[in-house]
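Novice: Could you work out the structure for the sequence below:
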Amino acid sequence: MVNDPIGDMLVQIKNAVLADRRVITLPYSNMKMAVASVLAKEGYIAAAEKTGVAPKFRLNITLQYHDNTSVITDIKRKSKPGMRIYIAKDKIPHVVGGMGIAILSTSRGVMTGKDAKNLGIGGEFLCEVW
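Specialist: Numbering: from 1, shown residues only. Reported below is the predicted structural model:
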């Protein structure tokens with residue numbers, strides 16, 4: 001049993017990038033889909049779709065490559081089940097000097113740090129992607 005499904009998803013994406021895989025399949029959850037949707041919207045993955053039949057839905061993630069090089073350089077999990085990290089709107093970090101994104105879980109859903117700053121809200125600091 002996985003204690004940290006979001007961390008597991010991020011590690012599987014990172015490992016797939018290192019192995020030059022194009023598609024990965026994970027167990028589905030709404031939170032994983034929300035994080036994958038943010039990654040797709042920002043161009044870090046090509047697509048994320050829900051497949052399968054109830055109760056065994058799967059999440060298929062198609063990774064984004066440019067000239068046979070992955071768009072994702074690295075992913076870092078920040079908030080973990082054993083140590084949650086919450087940040088205020090004025091403490092949202094710039095990832096790699098603005099070249100990456102921070103993903104937050106806020107009261108208005110999962111979004112990038114930039115979107116959360118624009119809305120003036122903070123939240124749980126899930127991960128950094130660049």
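Novice: got a list of contacts for the longest helix seen in the chain?
Specialist: In the chain, with assignment by DSSP state H, the single longest helix is helix 5-18. Around helix 5-18, the neighbours that count as contacts under C-beta atoms under 8 Å, 6 or more residues apart in numbering are 2, 24, 26-27, 29, 31-32, 35-36, 45, 59, 61, 63, 70, 72, 74-75, 77, 80, 126-127. The C-beta positions use only the backbone N, C-alpha and C, and glycine is treated the same way.
Novice: could you pull out the helices for this protein?
Specialist: For the chain, applying DSSP H gives helices covering 5-18, 30-41, 113-119.
Novice: Please identify the buried residues of the last one?
Specialist: For helix 113-119, the neighbour count (16 or more other C-beta atoms under 10 Å) marks 113-117 as buried.
Novice: hang on, the earlier thing: which among the contacts of helix 5-18 end up buried?
Specialist: With burial judged by 16+ other C-beta under 10 Å, the buried subset of the contacts of helix 5-18 is 24, 26, 32, 35-36, 45, 59, 61, 63, 70, 72, 75, 77, 126-127.
Novice: re the thing from before, go ahead and produce PDB holding the CA coordinates of the longest helix of the chain.
Specialist: Provided in PDB are the C-alpha atoms of helix 5-18 (Å, rounded to 0.1, in the frame of the first residue of the first chain):
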ATOM      1  CA  PRO A   5       0.100   8.600  -3.700                       C
ATOM      2  CA  ILE A   6       1.200  12.100  -5.000                       C
ATOM      3  CA  GLY A   7       4.900  11.400  -4.200                       C
ATOM      4  CA  ASP A   8       4.600   8.000  -5.900                       C
ATOM      5  CA  MET A   9       3.100   9.600  -9.000                       C
ATOM      6  CA  LEU A  10       6.000  12.200  -9.100                       C
ATOM      7  CA  VAL A  11       8.600   9.500  -8.600                       C
ATOM      8  CA  GLN A  12       7.100   7.400 -11.400                       C
ATOM      9  CA  ILE A  13       7.100  10.400 -13.700                       C
ATOM     10  CA  LYS A  14      10.700  11.200 -12.800                       C
ATOM     11  CA  ASN A  15      11.800   7.500 -13.400                       C
ATOM     12  CA  ALA A  16       9.900   7.400 -16.700                       C
ATOM     13  CA  VAL A  17      11.700  10.500 -17.900                       C
ATOM     14  CA  LEU A  18      15.100   9.000 -16.900                       C
END
